[in-house]
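Student: got a predicted structure here, sequence first:
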Amino acid sequence: MDLIADARARDADDPLAPRRARYLIPEGVIYLDGNSLGPASHAALAALEVAARQEWAEGLIRSWNAAGWFEMPLALGDRIGRLVGAGAGSVACCDTISVNLYKVLHACLALRPDRRVILAEATSFPTDLYIAEGVCAAAGARLVLAEGPVEAALTDEVAAMLVNHVDYRSGALRDMAGLSAAAQAAGALAVWDLSHSAGALEVALDRDGADFAVGCTYKYLNGGPGAPGFVYAAARHHGSIRQPVSGWWGHARPFAFEPGYAAAEGVKAFLAGTQPVLSMRTLAGALEDWEGVGMAEVRAKSRAMTEAFIGWVEAVCPELELGSPREAAARGSQVSFRHANGYEIMQALIARGVIGDFRAPDVLRFGFAPLYLSFEEVARAVLALREVLASGEWREARFAERGAVT
Ligand SMILES: *Cc1c(COP(=O)(O)O)cnc(C)c1O
């Protein structure tokens with residue numbers, strides 16, 4: 001099998017290939033970790049430069065109005081909303097995913113005062129569970145973790161069912177319409193974490209009946225390290241959002257400086273306080289790269305890439321065991337392979353310029369971002385992985401050293 005020839009033929013047919021030029025990917029790097037931190041783009045860096053040198057350095061305080069800083073959470077929210085199937089005014093860009101989830105889960109408990117259970121999948125990204133624990137402790141509720149299908153654990157005590165749309169470890173994709181309907185049929189609210197689906201596949205929050213959602217902009221949306229998260233509320237909940245981080249940005253009249261809190265209408269009620277303007281402006285630049293991009297096209301390339309990757313790895317690296325759903329429709333835009341020495345193997349691969357990541361206990365994780373990856377790079381990554389395994393170079397002591405961030 002000639003992987004490179006196969007890959008080049010696919011690249012020749014790829015309508016998204018010209019988008020690659022928008023991104024800065026270092027020479028010699030094959031980047032398969034855009035599901036953890038997306039790369040910089042020229043548009044993102046240009047926006048950051050303008051925000052720092054003109055809006056801040058020259059505009060000073062005037063830029064809150066003149067540069068639209070104050071309006072950014074909802075303006076960016078609308079732009080993100082278009083990528084996740086949310087109508088205008090339903091998404092706010094603010095704070096972190098963790099903090100947004102804290103606010104959302106409290107809002108759910110407030111909407112279901114007679115129910116005191118938050119239901120989540122045991123396999124959720126840990127911060128989601130830690131936050132749910134914190135919400136439960138503060139609100140006198142109980143966290144129930146589903147080991148099997150989450151919908152099977154719905155009871156008449158569940159106020160909110162929290163689901164990770166794409167599982168961070170396996171890449172398994174959950175059925176948003178089906179699970180939202182199941183939660184609502186049981187009287188619960190459906191809360192979605194889109195961290196691994198926003199910018200990777202077609203998300204239809206309004207159509208699929210989600211109640212609330214949180215998501216990430218520094219992964220597939222390429223907003224930059226620490227870029228703010230986003231929070232969605234279905235229109236039917238606008239007007240009844242109550243959350244405990246009741247700061248002035250979420251006040252109905254922030255500049256009236258009244259002593260008492262009065263929640264703003266709509267998703268704005270999720271705002272708390274002053275936002276990281278430079279990060280938001282960087283994200284605004286990154287979102288320019290999404291203009292004119294159809295999510296169906298992104299998804300089609302992602303499916304083709306993950307499928308090719310699995311086929312190639314299984315053909316040349318029999319030591320690895322697939323840790324993701326085999327069926328493309330059941331998978332997000334990442335592929336996991338398992339090996340007892342996954343950590344060392346990933347470090348050796350990174351030393352060869354192929355950047356993926358490792359998730360405990362044994363998962364080698366590879367993300368596929370269709371806007372800047374070519375099939376040839378994917379094929380070259382597979383050949384490097386084969387070399388790492390065949391040579392045994394991963395056994396070198398230096399690859400077993402662990403940094404703070406894996
Ligand atoms: C990346 C990720 C997070 C990160 O949360 P932060 O508050 O931004 O640190 C949370 N949940 C999921 C599912 C993630 O993938």
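Tutor: Thanks, I have the structure now.

Student: now for the closest residue in space to residue 115 that isn't next to it in sequence: which residues touch it?
Tutor: Counting by CB to CB, 6 or more residues apart in numbering, the nearest residue to residue 115 once its immediate chain neighbours are dropped is residue 159, at 3.9 Å. The C-beta positions use only the backbone N, C-alpha and C, and glycine is treated the same way. Residues in contact with residue 159 (CB atoms under 8 Å, 6 or more residues apart in numbering) are 108-109, 111-112, 115-118, 141, 188-189.

Student: show me what from the stretch 51-200 of the chain comes close to the ligand.
Tutor: 96-98, 125, 127-128, 164, 168, 193, 195-196 (CB under 6 Å from any ligand atom).

Student: could you list the low-pLDDT ranges of the chain?
Tutor: The chain contains residues with pLDDT under 70 at 1.

Student: so where do the helices sit in it?
Tutor: 3-12, 42-50, 63-66, 72-83, 97-111, 126-139, 176-185, 277-288, 295-316, 342-351, 375-391 (DSSP state H).

Student: neighbouring contacts of the second one?
Tutor: What that stands for is helix 42-50. Contacts of helix 42-50 (CB under 8 Å, 6+ apart): 22-24, 222-224, 278, 281-286, 288-289.

Student: drop anything exposed from the residues you listed.
Tutor: Burial by neighbour count, 16 or more other CB atoms under 10 Å: within the contacts of helix 42-50 this picks out 22-23, 222-224, 281-286, 288-289.

Student: for the stretch 201-350 of the chain, which residues are neighbours of the ligand?
Tutor: Within the stretch 201-350 of the chain, the residues that sit near the ligand (CB under 6 Å from any ligand atom) are 216, 229.

Student: can you name the residue of the stretch 201-350 of the chain nearest the ligand?
Tutor: As assessed by CB to the nearest ligand atom, the ligand sits closest to residue 216 within the stretch 201-350 of the chain, at 5.2 Å.

Student: my read is that that residue contacts residue 198, right?
Tutor: Yes: with contacts counted by CB atoms under 8 Å, residue 216 reaches residue 198, the gap being 6.5 Å.

Student: residues shared between the contacts of these two?
Tutor: residue 230.

Student: end to end on stretch 348-360, go ahead and measure it.
Tutor: 17 Å (CA to CA, to the nearest Å).

Student: could you pick out the longest strand of this protein?
Tutor: strand 158-164 (DSSP state E).

Student: quick one: distance of it to the chain centre.
Tutor: Remark: strand 158-164 is offset 18 Å from the chain centroid, using CA atoms, centre = their mean, to the nearest Å.

Student: in its sheet, what does it sit against?
Tutor: strand 117-121 (parallel), strand 189-193 (parallel) (DSSP bridges).

Student: out of those strands, which one sits most buried?
Tutor: The highest mean neighbour count among these, using mean count of other CB atoms under 10 Å, belongs to strand 189-193: a mean of 27.

Student: tilt between it and helix 126-139?
Tutor: Interaxial angle of strand 189-193 relative to helix 126-139 (axes from the mean of the first three to the mean of the last three CA atoms, to 10 degrees): 140 degrees.

Student: got the contact list for the residue sitting nearest the centre point of the chain?
Tutor: Among the residues of the chain, the one closest to the centroid is residue 195, at 2.1 Å (CA atoms, centre = their mean). Going by CB under 8 Å, 6+ apart, residue 195 touches 97, 125, 164-166, 168, 214-216, 219.

Student: separation between residue 30 and residue 134?
Tutor: Distance, residue 30 to residue 134, by CB to CB, to the nearest Å: 38 Å.

Student: neighbour count winner among these two?
Tutor: Per other CB atoms under 10 Å, whichever of residue 30 and residue 134 has more neighbours is residue 30, with 21 against 16.

Student: Provide the partner residues of the more buried one in its beta bridges.
Tutor: residue 354.
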